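[1] Output the structure for:
(one chain, ligands or ions: 1)
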Amino acid sequence: MRILLVRPRRMDLMTAFGGITCEPLELETLLPVCRQVGRTELYDGITEERRFTDVLLAFRPDVMALTGYLTQEREMAEYIRLTKRARPACTVIVGGVHAQLNYRRLCWPGVDYVFRTESADWFRSLLEALDRGEMPIGIPGLCRREGGRFVETPYEPCDIDTLPRPDRSGWAERADWFRYLDFARLSTLKTAVSCPFRCEFCYGRNLHGGRYQPRRLELVMEELEEVPGDTVFIVDSDFLLEETRVEAFLDALEERGIRKTFLCYGRADFIAGHPALTARLCRCGFRLFLVGLEGIRDQRLEAWNKGTTREINEACLQVLNACGADCMGLLLADPDFTAADFQALYRWAKEHGLRYTSVQVLTPIPPTPLYERKKGELLSNDLRQWDLAHLLLEPVHMGRRVFMLRYYWLMARLVLLGWRRGAYHFVTPAYLGRAVGRWRRRRAALR
Ligand code: SF4
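    Model prediction:
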């Protein structure tokens, strides 16, 4: 059996610019089991310049398994169309974090299965059944075609300690692509899934049945010892949740003599409440903390069920500044913003020493509680606009164009502020020239 794993391309500004690109960890985790079942190739549309149809004709897959996010549904549909055109008998499986929660959206004509769980073992069961020419039955979270309609088995979160170690054999060849802003040649590591908090807008916390599960630390450390590259981005929704686990992680780093640079997500209240532990994290190599500050008004933080306050956000920044670490301040532009709110956000970032700031437009992503509350008010059904940089809800205090102009102006000022403070220095004329060349070559790849 020949299996083609596909991560779809994205041609939005951020991907074209290449400022934030991670390795295809989801698919790298499936690679070991796929290779046990048959010949497997991973086609990463983000970094790939070969035409997809050429790959289909040369590799002749029996199974094409595809991931993708909400904003990539159009591209996903195109990969499926091209596959069925070049290889009509090829079985198409759609999976990943978007499929896990929004699977009914993906039961398209060319799709044979929607695979919703993270389990590599169940994925292998599916492939083995297909290889034997049998109907896959009894696999949790599988939607399959039966008599012209889709039938589904209930989703069950798998035990993530059973996941195989990702196969990163393709990392070195593509390492120049993988970066988080100034942090280049990045490896990606996952040590937990979901999150026990209940922020109203958050998609990630609903994954894995909404059940937070940290991986056994021993497994994490074994994987970390093999991770290529000197910089590791821990992509847990929130790595800084349990004080004892973070301490144990640092103990293990020291015992095993692992020296790397780390980036991770963490909550403001954890950092503010653990200055000594944060200082130790920094001594052990943690350089950038991505913190969902979200806002600077307590009423908004409360309405979003964030569980933090402006005071906590400021205390968090004080701790990080004292440690000499950077905060990537993740903030939200609420359609309820006034002109003064945009201005206040900039002033606040400036006063509190932020170098890296990302402001996203508040977006109701299905099936979050925010989406359920606001789905009757959406301004557009165009999924490309769910990229957190478009207005999907009517602004309350100004017109849509004025809101977006203020938003872009705020972003531009924050980037300039960061630049003056020494951030984003990877953006050189040579870097931009390379990004444009890559974009041109990749534009022709989805054919
Ligand atoms: S703390 Fe972060 S990861 Fe957890 S629910 Fe809130 S936004 Fe999501």
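
[2] For the rest of this, base every contact and every neighbour count on C-alpha atoms.
    OK.

[3] which SS class is His425?
    Classification of His425 using DSSP: H, G, I helix; E, B strand; the rest coil returns coil.

[4] so how far is Thr357 from it?
    15 Å (Cα to Cα, to the nearest Å).

[5] Next: Met404.
    For Met404 relative to Thr357 (Cα to Cα), the value is 17 Å.

[6] In the stretch 251-400 of the chain, mark out all the helices, start to finish.
    268-273, 275-283, 298-303, 310-323, 339-351, 369-374, 400-420 (DSSP state H, counting those that start in this stretch).

[7] For the fifth one, list the C-alpha coordinates in PDB.
    Listed in PDB are the C-alpha atoms of helix 339-351, where the atom choice follows Å, rounded to 0.1, in the frame of the first residue of the first chain:
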ATOM      1  CA  ALA A 339     -10.800  54.600  19.000                       C
ATOM      2  CA  ALA A 340      -9.500  55.100  22.600                       C
ATOM      3  CA  ASP A 341      -9.200  51.300  23.100                       C
ATOM      4  CA  PHE A 342      -6.800  51.000  20.100                       C
ATOM      5  CA  GLN A 343      -4.800  53.900  21.300                       C
ATOM      6  CA  ALA A 344      -4.700  52.500  24.900                       C
ATOM      7  CA  LEU A 345      -3.500  49.100  23.800                       C
ATOM      8  CA  TYR A 346      -0.500  50.700  22.000                       C
ATOM      9  CA  ARG A 347       0.400  52.900  25.000                       C
ATOM     10  CA  TRP A 348       0.100  49.900  27.300                       C
ATOM     11  CA  ALA A 349       2.400  47.800  25.200                       C
ATOM     12  CA  LYS A 350       4.900  50.600  25.100                       C
ATOM     13  CA  GLU A 351       4.800  51.300  28.800                       C
END
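
[8] buried ones in that helix?
    341-342, 345-346, 349 (16 or more other Cα atoms under 10 Å).

[9] okay, now Glu223: neighbour count?
    Residues near Glu223, counting by other Cα atoms under 10 Å, number 16.

[10] can you pull the contacts of it?
    Residues in contact with Glu223 (Cα atoms under 8 Å, 6 or more residues apart in numbering) are Arg165.

[11] Tell me the spacing between the residue nearest to Ser380 when sequence neighbours are not counted and the ligand.
    Computed as Cα to Cα, 6 or more residues apart in numbering, the closest residue to Ser380 that is not its neighbour in sequence is Leu392, at 6.2 Å. Computed as Cα to the nearest ligand atom, to the nearest Å, the Leu392 to the ligand distance reads 19 Å.

[12] now Asp238
    For Asp238, the distance to the ligand (Cα to the nearest ligand atom) stands at 5 Å.

[13] Val415 now?
    Distance, Val415 to the ligand, using Cα to the nearest ligand atom: 23 Å.

[14] Any stretches of the stretch 201-350 of the chain with poor pLDDT?
    For the stretch 201-350 of the chain, applying pLDDT under 70 flags no range at all.

[15] near the ligand, which residues of it?
    Proximity of the stretch 201-350 of the chain to the ligand (Cα under 6 Å from any ligand atom) is limited to residues 202, 204-205, 237-238.

[16] and with 8 Å instead?
    Proximity of the stretch 201-350 of the chain to the ligand (Cα under 8 Å from any ligand atom) is limited to residues 201-205, 237-238, 265-267, 292, 306.

[17] List the ones among the residues you listed that fall in strands.
    Among those, DSSP state E puts 265-266, 292 in strands.

[18] Contacts only, for whichever residue of the stretch 1-150 of the chain sits closest to the ligand.
    The ligand sits closest to Val97 of the stretch 1-150 of the chain, with a gap of 14.3 Å, by Cα to the nearest ligand atom. Shown in contact with Val97 (Cα under 8 Å, 6+ apart): 67-69, 116, 207.

[19] For those, give me a markdown table that also has secondary structure.
    Formatted as a markdown table, the contacts of Val97 follow (three-state DSSP):
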| residue | secondary structure |
| --- | --- |
| Thr67 | coil |
| Gly68 | coil |
| Tyr69 | coil |
| Arg116 | coil |
| Leu207 | coil |
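
[20] Which of those residues ranks first by neighbour count?
    The residue in the contacts of Val97 with the most neighbours, by other Cα under 10 Å, is Arg116 (27 neighbours).

[21] is it true that that one touches Gln100?
    Yes: Arg116 lies in contact with Gln100 (Cα atoms under 8 Å); the separation is 4.2 Å.

[22] Need the pLDDT of Met14.
    On pLDDT, Met14 comes in at 68.

[23] From Arg283, how far off is the closest residue to Asp298 other than its chain neighbours?
    Distances taken as Cα to Cα, 6+ apart put Thr309 closest to Asp298, at 5.3 Å, once the chain neighbours are dropped. Taking Cα to Cα as the measure, Thr309 falls 27 Å from Arg283.

[24] ok, now Pro228?
    21 Å.

[25] Next up, the contacts around Tyr79.
    Counted by Cα under 8 Å, 6+ apart, Tyr79 has contacts 8, 52, 446.

[26] May I see those residues arranged in CSV, with distance to the ligand and secondary structure as well?
    Formatted as CSV, those follow (distance: Cα to the nearest ligand atom, whole Å; DSSP: H, G, I helix; E, B strand; the rest coil):
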residue, distance to the ligand, secondary structure
Pro8, 24, coil
Phe52, 34, helix
Leu446, 33, coil
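
[27] Among Thr309 and Arg283, which residue is more densely surrounded?
    Between Thr309 and Arg283, counting by other Cα under 10 Å, Thr309 is the more crowded of the two (21 against 13).

[28] which residues touch that one?
    When contacts are counted by Cα under 8 Å, 6+ apart, Thr309 touches 296-298, 301-302.

[29] mind giving me the domain split of the chain?
    Residue ranges for the domains of the chain, per automatic domain parsing: 2-160, 182-425.

[30] quick one: which of the ones you listed is nearest Arg440?
    With Cα to Cα as the criterion, Arg440 lies closest to domain 2-160 of these, at 9.2 Å.
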